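A.B. asks: the sequence isn't on hand, but the structure is:
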């Protein structure tokens, strides 16, 4: 394998791992504080609201987290690069404003969110943090070290503010507010410094350009919605069948599992730019390149699954500050989701490299149509344990669906 290509992967993966390492460290410190100060019910509601806004945030990103890095990577002109950045950020801010207004009106005029309206309303800054997130640019420029620094600084500020302000259940509404506000402020400062350094004017795209971008990325957007729902809908589904206390205990295990679930995503992000170049210049070597990281990714994620299962009791104790048998058992099941997600590694990369938007769109939606009914049925009968099993089965079904549809696409020459 080309040494330069391998070094770029290692650099990207290390930066993304450091990024996730910071997230894990902060989670280890913050989670016990929140769980003990808020109580399991309010902790569950905060995470429930966070899940809702993570689901909505995929509308804000509008699929450009998938192909935005590729568009950036092929631009060598500073002016074109600046224009693309302005177009994407303007589009995202426009969507975030529209959705925020809808949420405010809906919350104010209905009793849907009942006794946690404040938590919902004060979670809105999460949408704006997604709108101004520079990850698409930094990934496209293979400059993930900056992303790691931004993440570390934002999480440290978040930690300090949580320690200073969250003292009891009545402070629950502030948790997501602090998270979204800190990220938004830091990302805005990054873009201000970025455009100042590039000596480029900070302005916004007009409505015609926003309409163009909406049309351009519609299929990637639709596929990203389905993929995001399958990952972030777990607490939303579970709340239909359990009380707030059990929701909080499941959320505790799910938070740890979600951190692990990002490992296959990191490997894909680390490989994508190099794989795109190899595919363009030397296509026969692409499969060899992908297999190299695919095999190592499977070993890594399976090993982590085994370790987390063996040490689930102590992991939950570390994150919560107390032993919770229910959370231990849920984590033991969810620990193998990263391994099953890694099975889809090659499929996702081939789809993204070749811009097979239709295949990705169909695959993610078909997978979602399996996942939602399965999760609802198993959650109804077996609560959190049923949902955990449904998530495992859904990851494997997703792999099969992507494989079948990609194979058909290649056979048809699409």
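C.D. replies: Now that the structure is in, tell me what you want to look at. Note that the structure is predicted; figures quoted are calculated from it, not measured.
A.B. asks: for residue 291, which non-adjacent residue is closest in space?
C.D. replies: Nearest residue to residue 291, sequence neighbours excluded (Cβ to Cβ, 6 or more residues apart in numbering): residue 346, at 7.6 Å. (Each C-beta comes from the backbone N, C-alpha and C, glycine too.)
A.B. asks: that neighbour: which element?
C.D. replies: Under the criterion of DSSP states H and E, residue 346 resides in helix 345-353.
A.B. asks: what's the following helix or strand after that helix?
C.D. replies: Heading C-terminal from helix 345-353, the first helix or strand you meet, by DSSP H and E, is helix 357-411.
A.B. asks: now that next one: average pLDDT?
C.D. replies: Helix 357-411 carries an average pLDDT of 90.
A.B. asks: counting by contacts, list what it packs against.
C.D. replies: Here helix 357-411 touches helix 218-232, helix 234-238, helix 244-281, helix 325-334, helix 337-342, helix 345-353, going by 3 or more Cβ pairs under 8 Å, 6 or more residues apart in numbering; DSSP states H and E.
A.B. asks: now the angle from the helix holding residue 346 to helix 218-232?
C.D. replies: Calculated by axes from the mean of the first three to the mean of the last three Cα atoms, to 10 degrees, helix 345-353 forms an angle of 150 degrees with helix 218-232.
A.B. asks: how far away from the center of its chain is helix 345-353?
C.D. replies: Distance, stretch centre to chain centre, for helix 345-353: 17 Å (Cα atoms, centre = their mean, to the nearest Å).
A.B. asks: so what touches that helix?
C.D. replies: Identification of contacts with helix 345-353 by Cβ atoms under 8 Å, 6 or more residues apart in numbering yields 66-67, 70, 264, 267-268, 271-272, 275-276, 279, 286, 290-291, 293-294, 297, 356, 359-360, 363, 399, 402-403, 406.
A.B. asks: let's go with 7 Å and repeat that
C.D. replies: Under the criterion Cβ atoms under 7 Å, 6 or more residues apart in numbering, residues 66, 264, 267-268, 271-272, 275-276, 279, 290, 294, 297, 359-360, 402-403, 406 lie in contact with helix 345-353.
A.B. asks: which of the residues in that helix are buried?
C.D. replies: Residues 345, 346, 347, 348, 349, 350, 351, 352, 353 are the ones in helix 345-353 that count as buried (16 or more other Cβ atoms under 10 Å).
A.B. asks: rewinding a little: give me the buried entries from the contacts of helix 345-353.
C.D. replies: Counted by 16+ other Cβ under 10 Å, these give 66, 264, 267-268, 271-272, 275-276, 279, 290, 294, 297, 359-360, 402, 406 as buried.
A.B. asks: how long is stretch 59-67 end to end?
C.D. replies: Taking Cα to Cα, to the nearest Å, stretch 59-67 runs 15 Å from one end to the other.
A.B. asks: next, residue 206: phi, psi?
C.D. replies: phi -80, psi 170 (degrees, to the nearest 10).
A.B. asks: my error: substitute residue 111 in the last question.
C.D. replies: Main-chain dihedrals, residue 111, degrees, to the nearest 10: phi -110, psi 20.
A.B. asks: and for it, the neighbour number?
C.D. replies: Using other Cβ atoms under 10 Å, residue 111 is surrounded by 8 other residues.
A.B. asks: again with residue 170
C.D. replies: 11.
A.B. asks: same deal with residue 396?
C.D. replies: Neighbours of residue 396 using other Cβ under 10 Å come to 14.
A.B. asks: quick check: residue 71 touching residue 85?
C.D. replies: No - in this structure residue 71 lies outside contact range of residue 85 using Cβ atoms under 7 Å: 10.2 Å.
A.B. asks: which of those two has more neighbours?
C.D. replies: Set residue 71 next to residue 85 and count neighbours by other Cβ under 10 Å: residue 85 wins out with 22 against 18.
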